[in-house]
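Trainee: Below are the sequence and a predicted model; questions follow.
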Amino acid sequence: MDFKDKEDNVTTIGGAVVREEHTEGRLKKDYSTLSIIGVGYCITNSWCGIASTLSVGIVQGGPVVLVYGFLLIVVVFICIALSLSELASAMPSAAGQYLWAYNLAPDRRKREFAFVTAFLNVASWITVTASVCLLGAQFIMAMVVINNPDFVIRPWHYFVLYQVNNFGVNAFTWYGLHKCPWTYQVGLLWSIGLFIVTFFSMLCGPGSIHSRGTTDFVWKTFTNDVGWTSSAVVFLTGLINPNYGFAGIDGAIHLAEDSKDPVRDVPKALLGTLLTGSITAWPWLIVALYSIQDFDAIETTTTGMPVFVILLQCLKSKPAVIFIGTCFFVNNVLSLAGCQQSAGRLTWVLAGDEGLIGSRWLARINPKVNNSAWALGFNAFWVFVIGCLYLASTTVYNAIVGSNLILGHLSYAIPVGLLLYRKRAFATRPWLALGSFGWLANVVTVLWAVLITVFYCFPADMPVSGSTMNYASVVIVVVLLLAAVNWIGHGRKSFTVYSALKTE
């Protein structure tokens with residue numbers, strides 16, 4: 001089907017314009033409020049995301065960054081989630097940030113603002129998906145090392161497991177997810193159940209009962225094992241760990257076409273994800289820090305997963321830790337399915353707006369599985385390519401994956417910044433209106449994106465060498481160059497935001 005005839009193919013819900021897609025049949029709106037909330041939570045999985053990336057926070061600031069840095073991140077994300085929720089309730093669409101950017105940008109540059117935002121958002125989702133793929137591989141290899149401490153992990157071990165995770169879960173998302181609309185509700189309950197198991201394992205395990213960390217260690221210890229002379233730089237770069245706990249918080253936005261009531265469900269999912277993540281992750285961190293008995297073992301572990309070492313110190317049982325590790329992997333699979341689906345929806349809707357080379361194929365819906373199969377495959381291919389880079393250089397891979405936070409926050413900041421440019425004037429009144437607090441929430445959202453774009457590009461270790469250099473800034477430049485090539489070769493002539501509101 002030629003997309004040029006789709007401009008009038010829209011409907012309204014609660015006064016807001018919602019897209020009705022697409023080429024070979026439309027998506028069935030079969031996601032309940034709980035399902036949408038489940039998707040949002042499965043993707044971020046805040047406590048699990050932070051637990052999985054403790055290797056960063058442990059050496060870059062230690063307990064101080066984990067405890068107080070997390071609280072700072074929560075305050076920032078209250079502003080971000082409210083800003084995104086307000087926009088989502090006014091303009092619900094799988095296009096999300098780039099649709100908002102189009103509607104709010106100056107008339108002469110609407111397409112350009114929308115296109116850059118879209119490309120940043122797609123790139124952030126592909127890199128988030130790649131990072132979740134690698135975490136699954138790391139869970140498995142960590143269990144191998146826990147069982148056999150002499151085992152030496154090679155890059156190709158991670159590579160093989162990464163690709164199995166990528167294509168295996170993609171196949172389920174492609175063919176099986178439509179048969180299991182309760183998947184994310186199960187994922188929500190699974191994550192909360194795993195949180196309870198790990199929380200009480202650390203709190204009441206045989207090892208933790210007889211030996212606990214001191215109050216000074218948990219609340220006052222600041223570690224700097226990365227060579228920076230500035231404690232402020234160590235703190236700010238170490239925030240990557242708690243920040244990762246809310247990576248992909250915009251996932252529910254891109255499932256607006258699956259929701260029966262996106263005007264209300266998407267904001268509920270965003271705020272519910274933030275609330276659930278906050279009240280689970282911070283207590284979990286406190287208990288984990290009190291449960292550490294050998295901090296040096298945590299810092300020097302070859303498992304790549306300090307959380308497993310903490311659990312081993314608490315439970316004194318390898319089988320128990322391996323069982324919990326298996327549960328972590330299942331949790332990872334459910335999170336990866338959410339990432340792939342949200343990323344697929346975003347790629348699909350951008351292709352529907354003729355924003356990508358190959359849009360004719362990427363915008364198709366397979367009515368049998370109610371999914372954007374080509375878009376899912378497109379994303380899986382790029383995740384595969386990123387995984388191949390891991391074999392060539394872990395430094396390059398880490399830069400690509402590590403850039404997902406910057407790319408994501410920039411995609412939040414552009415429409416929010418344009419809303420400030422419009423003096424917070426909406427063409428359609430939001431269901432969730434922030435009123436005067438919106439100014440503060442919007443400003444914090446924009447300033448935070450600027451701050452992390454600078455500090456998350458700093459090298460983690462000093463002095464800098466080829467292997468410790470942070471190439472995130474290079475990755476962002478490459479993403480922008482790819483966007484420019486796609487714009488010149490295709491988007492400049494074809495890109496049209498068909499579901500855009502007319503802003504006066």
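Mentor: In hand now; what should we look at?

Trainee: longest single helix anywhere in the chain?
Mentor: In the chain, ranked by residue count with DSSP state H as the criterion, the top helix is helix 110-147.

Trainee: Give me the buried positions along that helix.
Mentor: Neighbour counts over helix 110-147 (16 or more other CB atoms under 10 Å) mark 110-143, 145-146 as buried. All C-beta atoms are positioned from the backbone trio N, CA, C, and that covers glycine.

Trainee: Same check on stretch 308-328?
Mentor: Residues 308-315, 317, 320-322, 324-325, 327-328 are the ones in stretch 308-328 that count as buried (16+ other CB under 10 Å).

Trainee: Quick one: mean pLDDT for it?
Mentor: What stretch 308-328 shows for mean pLDDT is 94.

Trainee: what's that stretch in contact with?
Mentor: Stretch 308-328 has contacts (CB atoms under 8 Å, 6 or more residues apart in numbering) with 48, 52, 139, 142-143, 146-147, 190, 194, 197-198, 201-202, 205-208, 288, 291-294, 297-298, 301, 303, 305.

Trainee: repeat for stretch 241-249
Mentor: For stretch 241-249, contacts defined as CB under 8 Å, 6+ apart pick out 40, 43-44, 46-47, 49-50, 53-54, 56-57, 60, 65-66, 69-70, 72-73, 77, 80-81, 84, 125, 128, 131, 270, 273-274, 277, 281, 339, 342, 404-405, 408, 452.

Trainee: Report the buried members of the contacts of stretch 308-328.
Mentor: Applying 16+ other CB under 10 Å to the contacts of stretch 308-328, the neighbour count classes 48, 52, 139, 142-143, 146, 190, 194, 198, 201-202, 205, 207-208, 288, 291-293, 298, 301, 303, 305 as buried.

Trainee: related to what we said a few turns ago, tell me the helices and strands packed up against the helix or strand just after the longest helix of the chain.
Mentor: For helix 110-147, the succeeding helix or strand toward the C-terminus, using DSSP states H and E, is helix 155-171. Under the contact definition 3 or more CB pairs under 8 Å, 6 or more residues apart in numbering; DSSP states H and E, helix 155-171 sits against helix 110-147, helix 318-352, helix 373-392.

Trainee: Direction-wise, compare the last one with helix 155-171 and give the angle.
Mentor: Computed by axes from the mean of the first three to the mean of the last three CA atoms, to 10 degrees, the angle separating helix 373-392 from helix 155-171 equals 170 degrees.

Trainee: How about the second one?
Mentor: Direction vectors for helix 318-352 and helix 155-171, defined by the same axes, to 10 degrees, enclose an angle of 60 degrees.

Trainee: Now do the buried residues in the helix or strand just after helix 318-352.
Mentor: Per DSSP H and E, the first helix or strand lying C-terminal to helix 318-352 is helix 359-362. By neighbour count on 16+ other CB under 10 Å, the buried set for helix 359-362 is 359, 362.

Trainee: Same check on stretch 420-440?
Mentor: For stretch 420-440, burial by neighbour count (16+ other CB under 10 Å) applies to 420, 424, 426-428, 430-432, 434, 438.

Trainee: could you point out where the stretch 401-504 of the chain is predicted with low confidence?
Mentor: Applying pLDDT under 70 to the stretch 401-504 of the chain flags the ranges 467, 499-504.

Trainee: how about Thr302, what does it touch?
Mentor: Contacts for Thr302 (CB under 8 Å, 6+ apart) come out as 145, 149, 152-153.

Trainee: These: which two are farthest apart?
Mentor: Pro149 and Ile153 (11.6 Å; CB to CB).

Trainee: Compare these two and say which is more crowded by neighbours.
Mentor: Higher neighbour count among Pro149 and Ile153: Ile153, with 16 against 11, using other CB atoms under 10 Å.

Trainee: can you tell me how far that one sits from Val56?
Mentor: Distance from Ile153 to Val56, counting by CB to CB, to the nearest Å: 18 Å.

Trainee: where along the stretch 201-350 of the chain do the helices fall?
Mentor: Applying DSSP state H, counting those that start in this stretch to the stretch 201-350 of the chain gives helices spanning 206-210, 215-220, 231-238, 240-244, 262-291, 295-300, 306-315, 318-352.

Trainee: buried set for the second one?
Mentor: Read that as helix 215-220. So, applying 16+ other CB under 10 Å, buried residues of helix 215-220: Val218.

Trainee: need the contact list for Thr301.
Mentor: Thr301 makes contact with 308-309 under the criterion CB under 8 Å, 6+ apart.

Trainee: Just to check, Thr395 is in contact with Gly466?
Mentor: Yes - counting by CB atoms under 8 Å, Gly466 is a contact partner of Thr395 at 7.4 Å.

Trainee: who's more crowded, the two?
Mentor: Each of Thr395 and Gly466 has its neighbours counted (other CB under 10 Å); Thr395 has more, 15 against 8.

Trainee: Secondary structure element holding the more buried one?
Mentor: Taking DSSP H and E as the definition, Thr395 sits inside helix 394-402.

Trainee: just checking, what packs against that helix?
Mentor: Contact here means 3+ CB pairs under 8 Å, 6+ apart; on that basis helix 394-402 packs against helix 110-147, helix 373-392, helix 472-486.

Trainee: Phi and psi next, for Cys457.
Mentor: Phi and psi for Cys457, reported as degrees, to the nearest 10, are phi -90, psi -10.

Trainee: I'd like to know how many residues surround it.
Mentor: Neighbour count for Cys457, taken as other CB under 10 Å: 19.

Trainee: Now do the nearest residue to Phe295 once chain neighbours are set aside against Val67, distance only.
Mentor: Counting by CB to CB, 6 or more residues apart in numbering, Phe295 lies nearest to Phe217, which is 7.8 Å off, once chain neighbours are set aside. For Phe217, the distance to Val67 (CB to CB) stands at 11 Å.

Trainee: now swap in Trp156 and tell me
Mentor: Where Val67 is concerned, Trp156 sits at a distance of 37 Å (CB to CB).

Trainee: higher neighbour count, these two?
Mentor: Using other CB under 10 Å as the criterion, Trp156 and Val67 rank with Val67 on top: 20 against 10.

Trainee: doesn't Lys220 make contact with the more buried one?
Mentor: No - in this structure, Val67 is not within contact of Lys220 by CB under 8 Å, at 9.6 Å.

Trainee: picking up where we left off before, next, format the helices and strands packed on helix 394-402 as CSV and append distance to Ile400.
Mentor: Converted to CSV, the helices and strands packed on helix 394-402 look like this (distance: least, CB to CB, whole Å):
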stretch, distance to Ile400
helix 110-147, 6
helix 373-392, 6
helix 472-486, 5
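
Trainee: Nearest approach to Ile357 belongs to which of the ones you listed?
Mentor: Of all those, helix 472-486 comes closest under CB to CB, at 6.1 Å.

Trainee: Now do the closest one: which elements does it pack against?
Mentor: With contacts taken as 3+ CB pairs under 8 Å, 6+ apart, helix 472-486 sits against helix 110-147, helix 394-402, helix 404-421.

Trainee: Can you tell me how far His254 is from Thr173?
Mentor: Separation of His254 from Thr173 (CB to CB): 14 Å.

Trainee: next one: Leu336
Mentor: 8 Å.

Trainee: Give me the below-cutoff pLDDT ranges for the stretch 101-250 of the chain.
Mentor: Along the stretch 101-250 of the chain, segments meeting pLDDT under 70 span 178-179, 181, 209-211.

Trainee: switch to 80 and redo it
Mentor: 176-182, 207-213, 225-226 (pLDDT under 80).

Trainee: dump the residue contacts of Thr127.
Mentor: Taking CB under 8 Å, 6+ apart, we find Thr127 in contact with 386, 400-401, 403-404, 407.

Trainee: ok, the closest residue to Ser32 other than its chain neighbours - how many residues close by?
Mentor: Closest residue to Ser32 apart from its sequence neighbours, by CB to CB, 6+ apart: Lys260 at 6.9 Å. Number of residues near Lys260 (other CB under 10 Å) recorded here: 15.

Trainee: same thing with Leu34?
Mentor: 16.
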